[in-house]
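Engineer: sequence-free structure coming up:
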């Protein structure tokens, strides 16, 4: 659960003193961060303080009387009331479970004034849409929404996987995409940032440790984030659109139709590529188990 309260500077100073014994390393843009009773408390220069954790309600309650503003009461989803109508920067990724093709992360800003326009396009989770629908919707979204896409093609993806695990790589891509859109829309600031959750928030920020710029102010995490705000749904569609373009490019290079997913059909095509002398590094995420399966199958061709 997450809750955000706003405070005057004098009250922030009092909070910082109170939480001094519990402070941990603070992210960029924060005055302090503390962890107490299973709750992470992060205070920002803007005056906003975010409470995150299972005991959020108990921890934040002691400060509510001194808050200048309550930024929406928490709902059962952990998001503030009315969040679906906020101006939100959302991010989502595609390709993490597919052997062939890129890892694609998109971040999209949908301000409140554009919500109806986005909704009228019939936006929903990209997994429920056909490829032609994705292409049609994405082309329209790209004309009026600020966005950024981080598209890691297989060769680059495989290089980075020598340094990171897939969760770390996704976190880095989300952070970069969000950071870039924030720069594009500056000085406008989103009311909130929603990341389609793929790990616990604490793990996400652990993955980003050491980065020079970490986006953490007003950030929320939600499983199936596309159902919580259209910004994540739009990000999902744009990410899939860019991924489709990349798959077309790879299919042309392979001179074979590259299936999605990581099933038996994938093993067979990967084996065929190997038999033809092609490098899987160019087309696939080679750390998947499919690689070894394909090698075994390819040996039967000899």
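Structural biologist: That came in fine, so what should we check first? Quantities reported herein were computed from a predicted structural model and do not represent experimental measurements.
Engineer: ok, residue 225 - how many residues close by?
Structural biologist: Applying other CB atoms under 10 Å, we find 26 other residues in the vicinity of residue 225. No exception for glycine: its C-beta is placed from N, CA and C like everyone else's.
Engineer: for it, list the residues it contacts.
Structural biologist: By CB atoms under 8 Å, 6 or more residues apart in numbering, the contact set of residue 225 is 90, 92, 194-197, 232.
Engineer: which one of these is nearest residue 188?
Structural biologist: residue 90 (15.2 Å; CB to CB).
Engineer: for that closest one, list each beta-bridge partner.
Structural biologist: residue 108, residue 194 (DSSP bridges).
Engineer: what's near enough to touch it?
Structural biologist: Per CB under 8 Å, 6+ apart, neighbours of residue 90: 107-110, 193-196, 225, 229-235.
Engineer: so how many other residues sit close to residue 166?
Structural biologist: The tally of other residues near residue 166 (other CB under 10 Å) stands at 17.
Engineer: please apply the same query to the one 4 residues further on.
Structural biologist: In terms of burial, residue 170 registers 24 neighbours under the definition other CB under 10 Å.
Engineer: tell me what whatever helix or strand it lives in is packed against?
Structural biologist: In this structure, residue 170 sits in helix 166-185 according to DSSP states H and E. Secondary-structure packing of helix 166-185 (3 or more CB pairs under 8 Å, 6 or more residues apart in numbering; DSSP states H and E): strand 88-94, strand 103-110, strand 147-152, strand 192-196, helix 201-207.
Engineer: nearest to residue 171, out of those?
Structural biologist: Smallest distance to residue 171 across these (CB to CB): 3.8 Å, for helix 201-207.
Engineer: any chance you could list what contacts the closest one?
Structural biologist: Contact with helix 201-207 is made by 27, 40, 52, 167-168, 171-172, 174, 195, 198-199, 214, 216, 219, 221, as judged by CB under 8 Å, 6+ apart.
Engineer: now the helices for the stretch 151-300 of the chain?
Structural biologist: 154-160, 166-185, 201-207, 230-254, 264-275, 290-299 (DSSP state H, counting those that start in this stretch).
Engineer: got the buried residues for the first one?
Structural biologist: Neighbour-count burial for helix 154-160, counted by 16 or more other CB atoms under 10 Å, picks out 154, 157-158.
Engineer: about what we covered before: could you dump the helices and strands packed on helix 166-185 to CSV with mean pLDDT and distance to residue 242?
Structural biologist: Formatted as CSV, these follow (pLDDT from 0 to 100; distance: least, CB to CB, whole Å):
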stretch, mean pLDDT, distance to residue 242
strand 88-94, 97, 9
strand 103-110, 98, 5
strand 147-152, 98, 5
strand 192-196, 96, 16
helix 201-207, 92, 22
